[in-house]
Structure formats: structure tokens, C-alpha cells
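Trainee: Model the following, please.
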Amino acid sequence: MENLNRAERHDLKIIGEINSTPQTGTATRPFLCNTLNMSLTGALLETSQLLPLGALLDYSFRLPGAGERVKVLAEIVRSEPAETKSKVPGEGAEVPQNMRRQTLGLYGIRFLEIKESDVAAIKSFLLS
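Mentor: Have a look, this model is predicted:
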């Protein structure tokens, strides 16, 4: 695969599914994430779930117009975890507990294991 720093990223918005089973060794309930951009070597994900830097995860998604889901083993290489907003922006006033809003965390992932046919499908989609 290409060098992560050189891979061209393409903005997109697709729903992905994450399962952290590879990291924990026990089955976990999959959860959804927003995929904000993608390259041939990784993606930027947005989710309210906390994902530790260096964690391995199963990530899958369906490219628009494609039938089969793309499935990859990925590693979290960048992390900006979600936080709960407890202050009114610019005012410093406390927000009541029932009105607090959780922001979404951003996570950069690097694809570690992906089928060549899936790389080809991603490439075709990103260049179209």
C-alpha cells in the first residue's frame, strides 16, 4: 500500500460500522460511525464512542452503488475524543445536566488488512 502521509484523501459522507472485537478479544456490540474522508490507506471517522489510540478494530462500510460491504482491519492512528459540553460557549454559564450535548470524536484509522479487490473498489469510487 501507499505511504499514509502521501495518500490523497477524498471527502465523503458514508455510514460505517465498527466492531472493536480485535482489540478486546471478546465480542462487542457493533456501532455506527460517520466516515468523513477516505484514502486508499485509511479514513477519518466520527463517533460518540471512545476509541483508544492504537486500538485495532473491524471497520466495514458500503460504497454508494456497490453491493458488497468493504471490510478492513484498522488501527487508530489519530484521536480527538468526544467531550461533553457543560458550559455555554462564550458565556461560561453552566448548562443543566439534562441539556448537555456530547460532541463527536474524530479518529484517523489506517487500514492494516484489506482485500485487493476492496482496494480496487475504493480506488474506482474515489476517482469517479
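Trainee: going forward, measure contacts and count neighbours with C-alpha atoms only.
Mentor: OK.
Trainee: Sketch out the low-pLDDT regions of this protein for me.
Mentor: By pLDDT under 70, the low-scoring segments of the chain are 1-6, 21-27, 83-102.
Trainee: Against Glu80, how distant is the residue most central in space within it?
Mentor: The chain has Leu45 as the residue nearest its centroid, 2.4 Å off, counting by CA atoms, centre = their mean. Distance, Leu45 to Glu80, using CA to CA, to the nearest Å: 10 Å.
Trainee: what's the answer for Ala55, then?
Mentor: Separation of Ala55 from Glu80 (CA to CA): 14 Å.
Trainee: do Leu56 as well
Mentor: Distance, Leu56 to Glu80, by CA to CA: 16 Å.
Trainee: So between the two, which is more surrounded?
Mentor: Leu56 (23 against 15; other CA atoms under 10 Å).
Trainee: Name whatever forms a beta bridge with the more buried one.
Mentor: Per DSSP bridges, the residues bridged to Leu56 are Glu75.
Trainee: Now do the helices in this protein.
Mentor: 21-24, 116-127 (DSSP state H).
Trainee: out of these, which comes closest to Val70?
Mentor: helix 116-127 (6.0 Å; CA to CA).
Trainee: Pull the residues that contact the closest one.
Mentor: 10, 39-40, 63, 70-71 (CA atoms under 8 Å, 6 or more residues apart in numbering).
Trainee: cool, stretch 67-78 as well?
Mentor: Outside stretch 67-78, the residues within contact range by CA under 8 Å, 6+ apart are 42, 51-63, 106-115, 118.
Trainee: Mind checking which of those residues are in strands?
Mentor: The strands, defined by DSSP state E, take in 42, 56-61, 106-113 from the contacts of stretch 67-78.
Trainee: Ile122 - how many residues pack around it?
Mentor: Neighbour number of Ile122 under other CA under 10 Å is 18.
Trainee: Tell me the spacing between it and Leu45.
Mentor: Taking CA to CA, one finds Ile122 at 16 Å from Leu45.
Trainee: Ok, Ile15 next?
Mentor: 9 Å.
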